[in-house]
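Q: requesting a structural model of the entry that follows:
(chains A, B, C and D)
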There are 2 protein chains.
Amino acid sequence: MDTNTSVAHALAALGHDARLAIFRLLVRAGHDGLNVGDIAQELTMPASTLAHHLKSLVDAGLVVQERMGRQIVNRVDFDVMQQTVSFLTAECCVGVKLTRDDAA
Amino acid sequence: MDTNTSVAHALAALGHDARLAIFRLLVRAGHDGLNVGDIAQELTMPASTLAHHLKSLVDAGLVVQERMGRQIVNRVDFDVMQQTVSFLTAECCVGVKLTRDDAA
DNA sequence: CAAACATCTTTACATAACTAGAAATATAGT
DNA sequence: ACTATATTTCTAGTTATGTAAAGATGTTTG
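A: Numbers count the residues shown, from 1 in each chain, chains lettered A, B, ... in the order given. Below is the predicted model:
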């Protein structure tokens, strides 16, 4: 898939109040991650709603899930996070070359 | 407005294929910015569609517009961009303190 | 082992928000 | 007036959101 498209996908996942809060909680949790119950307790919301949001983040590649017994641990994929952020600011201010001749 | 909410708003604006492409073009253009016509030429799309997307970016605070004669110059607000990115990675891995006692 | 429990996800669906683009409008220069 | 540049309005179609209810999956207990 096109990089622009996959980054847009990731940013869209983060572009929601609840999901951004979930993601930030996981960023703060770091490598250890948090299981779904912990997140649900911290950010009060129905389990099914939370599951949907987590799925968005997982689909976007920002979060990885791992089953541990009957809980599921959620961790940020820090590489993907970094790449997403980098893409945004990449080639900052290099000066675009327009094909137009009369560009001011 | 809540910081989480305003950052989510910005990320939502960037979370769209066309808008991300527009934004990146403007990031590359740097301080000088680009007028609407230039953008339309670079990323082929109907003028009204482009205007809608630009408005999203402006509403989110990521882009600032300035009229120059009959053209309108669009520039990235690099401060807002920086704050948006920083918010995402802030407090990375500090280890969340859950109110629960039994946190593993 | 089977029934009960714990933890999460999926399905279903109503409501709301977003997207795209043509047509109409606004604004500025010639 | 006429042309150039860009936005706003309108509308149809699409996609996202939230939550209850049902389904999975894994553990514990009698």
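
Q: and residue A:54, what helix or strand is that in?
A: Per DSSP states H and E, residue A:54 falls inside helix A:47-59.

Q: show the subsequent helix or strand relative to that helix.
A: Immediately after helix A:47-59, counting by DSSP H and E, sits strand A:63-68.

Q: buried stuff in that following strand?
A: Buried residues in strand A:63-68, counted by 16 or more other CB atoms under 10 Å in any protein chain shown: A:63, A:65. C-beta coordinates here come from the backbone N, C-alpha and C atoms, glycine included.

Q: sheet-wise, list the partners of that strand with their directions.
A: Using DSSP bridges, strand A:63-68 pairs in its sheet with strand A:71-76 (antiparallel).

Q: so how far is the strand it pairs with off the chain centroid?
A: From the chain centre to the centre of strand A:71-76 is a distance of 14 Å (CA atoms, centre = their mean, to the nearest Å).

Q: the helix holding residue A:54 and DNA strand C in contact?
A: Yes - residues of helix A:47-59 are located near DNA strand C by CB under 7 Å from any atom of the strand, namely A:47-48, A:50-52, A:54-55.

Q: give the contact list for residue A:65.
A: A:54, A:58, A:72-75 (CB atoms under 8 Å, 6 or more residues apart in numbering or on different chains).

Q: repeat that for 10 Å
A: By CB atoms under 10 Å, 6 or more residues apart in numbering or on different chains, residue A:65 lies in contact with A:33, A:35-36, A:54-55, A:57-58, A:72-75.

Q: likewise residue A:62?
A: Residue A:62 neighbours (CB under 10 Å, 6+ apart): A:9-11, A:13-14, A:19, A:22-23, A:26-27, A:56, A:76-78, A:80-81, A:84, B:88.

Q: quick one on the thing from earlier: any quick PyMOL command for the buried ones out of the residues of helix A:47-59 next to DNA strand C?
A: To isolate the buried members of the residues of helix A:47-59 next to DNA strand C in PyMOL, using 16+ other CB under 10 Å:
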select buried, chain A and resi 50+54
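
Q: leaving out sequence neighbours, find the closest residue to residue A:61.
A: Spatially, and ignoring its direct neighbours in sequence, residue A:61 is nearest to residue A:80 (4.8 Å; CB to CB, 6 or more residues apart in numbering or on different chains).
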